[in-house]
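Participant: Provided below are the primary sequence and the corresponding predicted coordinates.
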Amino acid sequence: MASFKRRQFPGCDPAKIALHRAHIVGKQGVFGVLKDAARRAAFDEDMLRLYAELPYFLIGIVVDKLAHARHPQRFYENSYHWALAMMLERYCGLLRVWGRTGKVICEARGKYPDRLLQGAYEQVLEKGTPHRRHPAAFFKEVLTSRKIKFLSKIPATAGLEIADGLVRTAKLEILAENGKAERLEHPFQVAVEGAIGGKWNRRWSTGKVAGYGKAFFTLPDQG
C-alpha cells in the first residue's frame, strides 16, 4: 500500500494519505491530481492491480434493514450490529480453518456509535449468536481481545483502506446476485469485480462463496 502511494503521489508521506473512496471519486485534496485523465487512468490501473495482488480474504455482509426491523426474534435491535455478528461468524470460521487467531479493527465513527458497537461485540463473545454452531466459545477461542481496536483514517491503515474502497462494489454485487438491484455495467465497477473475484471467502471443500464470502440477510416476502 505504501509503495502504491509513493508511485502515485511522489514526495508524500504514505501514512498521511488515506485511500478514502469518497475523496478519490471527488478528487479532493491530494487526489486533485486525478482530474488529469492520464493520471486517473494510471491510478485506476495500479489500484486494480493492488486489489488483485494483495493477500486478503473478502467477506461482504448486506442486511435488509426493513426485514431486520420486523424480524420476530432479533438478536440485535441495530441492523449494523447484526451485520457485525454475521461478519464475526465468518471471520472466526476463517481463523479456525487456518488455525490462526485474530483481532477486530474498525474505523472510528465517534464515541457513542463506537461504544454501542463495542457492546455488540462483547455480546457475541459472552453469548455467541443464534446460530447453533456459533456459541460463545466459537469466538473466544480465536479472538485475541475483548476490545475492538478503533482507528481513524489518519495515520492510514491498509485494511481499513481496502475495506473502504471495496464496500460499495461488494454491496452492489451481493444485491444484484440476490435480485435486489440491477448489476452495474460501469467499466470500472466491472473491472473491480474481476480484480476481487478470487478474494471472496469460500467453503474450502466446495469453493462455494454464497453464505461464506457473501451473505445477505432478509426475510421471505409476505405476499
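Facilitator: Right, received. Where do you want to start?
Participant: how close does the residue nearest the centre of the chain get to Ala38?
Facilitator: Per Cα atoms, centre = their mean, the C-alpha nearest to the average position across the chain is that of Ala163, at 4.4 Å. Distance of Ala163 to Ala38, given as Cβ to Cβ, to the nearest Å: 28 Å. (Glycine included, C-beta is placed from N, CA and C.)
Participant: how about His81?
Facilitator: From His81 to Ala38 the distance is 44 Å (Cβ to Cβ).
Participant: equivalent analysis for His20, please.
Facilitator: Counting by Cβ to Cβ, the gap from His20 to Ala38 is 22 Å.
Participant: more neighbours, these two?
Facilitator: Ranked by neighbour count (other Cβ atoms under 10 Å), His20 and Ala38 place His20 first, with 20 against 7.
Participant: can I assume Ile174 is in contact with Thr218?
Facilitator: No. Ile174 is not in contact with Thr218 according to Cβ atoms under 8 Å; the separation is 11.1 Å.
Participant: give me the more crowded residue out of these two.
Facilitator: Neighbours of Ile174 and Thr218, each counted by other Cβ under 10 Å, are more numerous for Ile174; the result is 19 against 15.
Participant: tell me which residues in stretch 66-75 are buried?
Facilitator: By neighbour count with 16 or more other Cβ atoms under 10 Å, stretch 66-75 contains the buried residues 68, 75.
Participant: what strand or helix carries the residue nearest to the centre of the chain?
Facilitator: For Ala163, the host element (DSSP states H and E) is helix 158-177.
Participant: what's downstream of that helix, the next helix or strand?
Facilitator: Next in sequence after helix 158-177, counting helices and strands by DSSP H and E, comes helix 187-196.
Participant: name the residues of that next one that are buried.
Facilitator: Here helix 187-196 shows 191-193, 195-196 as buried, counting by 16+ other Cβ under 10 Å.
Participant: what's the weakest-modelled helix or strand in the protein?
Facilitator: The helix or strand of the chain with the poorest confidence is helix 65-69; it has a mean of 78 (mean pLDDT, DSSP states H and E).
Participant: packing partners for that one?
Facilitator: helix 79-98 (3 or more Cβ pairs under 8 Å, 6 or more residues apart in numbering; DSSP states H and E).
Participant: ok now the helix it packs on, how far from the chain's centre?
Facilitator: Centroid separation for helix 79-98 versus its chain: 11 Å, with Cα atoms, centre = their mean, to the nearest Å.
Participant: which parts of it are buried?
Facilitator: Under 16+ other Cβ under 10 Å, the buried positions of helix 79-98 are 79-95.
Participant: what about the protein, any weak spots by pLDDT?
Facilitator: The model of the chain has pLDDT under 70 over residues 72-74, 219-223.
Participant: was I right about Lys214 contacting Ala176?
Facilitator: No. At 10.7 Å, Lys214 does not count as touching Ala176 under the criterion of Cβ under 8 Å.
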